[in-house]
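Chemist: Pasting the sequence and the predicted model now:
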Amino acid sequence: MADHRSAEALDLIFIEGLRGETVIGIHDTELHRPQPLVIDLQVGLPRVRACGTDRIADTVDYSVVRERLHRLLREHRLQLLEAFAEAVTEILIEEFGAHWVRVKVVKPRKFDDLQAVGVQIERWAGSPAPQAPQRAAAVLHLIGSGMVPGPG
């Protein structure tokens, strides 16, 4: 059975090279002062109505997305780029109505011998969180083994 999403035509709206600074990382040297991040994103929407109406209200407003991501850079308390990228995808799906999202988050010049390090993730609206099936299986295993007490 083919995945219905592969046949769904999407219009892609993108932002490339959004630059900002934030405190993120796992090493002590990363946790005390902001470091640069570069964010690229693509937002997939089924046939954007703005193609026919020419109204900003019928599409994703880049400037509003830009401001929202700068707010995320200021306010988050995440350590991993993966978690940060996931937060970006959740914002784009939940707040901006994206059906599909690809997000790339890069730490430029993290090491002297590398141009950049980073992560790129892709998500569909309505898809369960990646850990949800593993968590559910773990809980069922614990219940089955008697380690999680039942009611009463």
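Modeler: Yes, it's here.

Chemist: Give me the most central residue, this protein.
Modeler: T89 (2.7 Å; C-alpha atoms, centre = their mean).

Chemist: Tell me where this structure has helices.
Modeler: Applying DSSP state H to the chain gives helices spanning 4-7, 50-53, 62-75, 81-94, 132-144.

Chemist: rank these by pLDDT, which is bottom?
Modeler: Within the helices of the chain, confidence is poorest for helix 132-144, with a mean of 50 (mean pLDDT).

Chemist: so who does G20 touch?
Modeler: P36, L37, I39, L69, H70, L73 (C-beta atoms under 8 Å, 6 or more residues apart in numbering). Quick note: C-beta positions are derived from backbone N, CA and C, even for glycine.

Chemist: My guess is the third one contacts P108. True?
Modeler: When you say that, I think you mean I39. No - taking contacts as C-beta atoms under 8 Å, I39 lies outside contact range of P108: 11.3 Å.

Chemist: more neighbours, these two?
Modeler: I39 (23 against 14; other C-beta atoms under 10 Å).

Chemist: separation between the more buried one and T53?
Modeler: Distance, I39 to T53, by C-beta to C-beta, to the nearest Å: 28 Å.

Chemist: That'll do, ta.
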